[in-house]
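In: Sequence plus the predicted model coming up.
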Amino acid sequence: MKIYTRTGDSGSTGLFGGPRVSKDDDRIEAYGTVDELNAVLGTARSEQVSETIDAQLQQVQNELFSIGAELATPDPDQHDMRIINESHVTRLEQWIDQHEQTLTPLKNFILPAGTTAATQLHLSRAVCRRAERRVVTLVRRHDVKVTEASIVYLNRLSDLLFVLARVVNVEAGVAEVHWERPR
């Protein structure tokens, strides 16, 4: 199978089980940003993170792929693409709670800084928030039916990524950089 098809050379792309749409379509922007998040998480995983965090991020990457597939499918029910549910969100919350037990409570805003792995996780958090915004835009502007769990998942995932960035810095013995109000 060739990787290039030339079908997108005119600025359109095909949806799974559906029509061709412009590459700047809100649906393409939504699943493209989820794909970008997945790639940034892969970069974070390539840095020094614990086996536990690496395994959690790998599981998240698989789940993000499922969210992308749901977004890329005009009729996800017909193609059994509604995979993410409340149990996935609950698991993210459990991971957040477990990791937060190892951290000191925040008393200040912190800057995205520290180890390369931590900064990659902070970048992932920012891309995750953009992905969530793009999915919300898709639903609001086009009345696309996306499972509520997928939107909540992205919201909770950004929280997890923030916590993981803090954990990675603590494990590496790197102090958090507090935000200082400009004078």
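Out: It's in.

In: hey, let's count contacts and neighbours off CA atoms from now on
Out: Will do.

In: shouldn't residue 169 be in contact with residue 118?
Out: Yes. Checked against C-alpha atoms under 8 Å, the pair residue 169 and residue 118 is within contact range at 6.1 Å.

In: the more surrounded of the two?
Out: Per other C-alpha atoms under 10 Å, whichever of residue 169 and residue 118 has more neighbours is residue 118, with 28 against 20.

In: Name the spans of this structure whose pLDDT lies under the cut-off.
Out: For the chain, the stretches flagged by pLDDT under 70 are 76-77, 79, 81.

In: The same query, at a cut-off of 80, please.
Out: Across the chain, the ranges flagged by pLDDT under 80 are 1-2, 5, 7-8, 10, 12-15, 17-18, 20-22, 75-81, 143.

In: For it, which residue occupies the most central location?
Out: Centroid-nearest residue in the chain, with C-alpha atoms, centre = their mean: residue 128, separated by 4.0 Å.

In: now that residue, what's its secondary structure?
Out: Secondary structure of residue 128, reduced to three states by DSSP: H, G, I helix; E, B strand; the rest coil: helix.

In: From residue 105, how far off is it?
Out: 23 Å (C-alpha to C-alpha, to the nearest Å).

In: State the distance from residue 160 to residue 100.
Out: From residue 160 across to residue 100, the span is 10 Å (C-alpha to C-alpha).

In: Between those two, which is the more surrounded one?
Out: Higher neighbour count among residue 160 and residue 100: residue 160, with 22 against 16, using other C-alpha under 10 Å.

In: can you pull the contacts of that one?
Out: Shown in contact with residue 160 (C-alpha atoms under 8 Å, 6 or more residues apart in numbering): 92-93, 95-96.

In: How about the helix or strand it falls within, which residues are buried there?
Out: Using DSSP states H and E, residue 160 maps to helix 148-171. Neighbour-count burial for helix 148-171, counted by 16 or more other C-alpha atoms under 10 Å, picks out 149-170.

In: hey, where'd the helices end up in the chain?
Out: Under the criterion DSSP state H, the chain carries helices at the ranges 26-45, 51-71, 86-100, 116-142, 148-171.

In: quick one, the fourth one and helix 26-45 angle?
Out: Just to be clear, that refers to helix 116-142. On the basis of axes from the mean of the first three to the mean of the last three C-alpha atoms, to 10 degrees, helix 116-142 is oriented at 170 degrees to helix 26-45.
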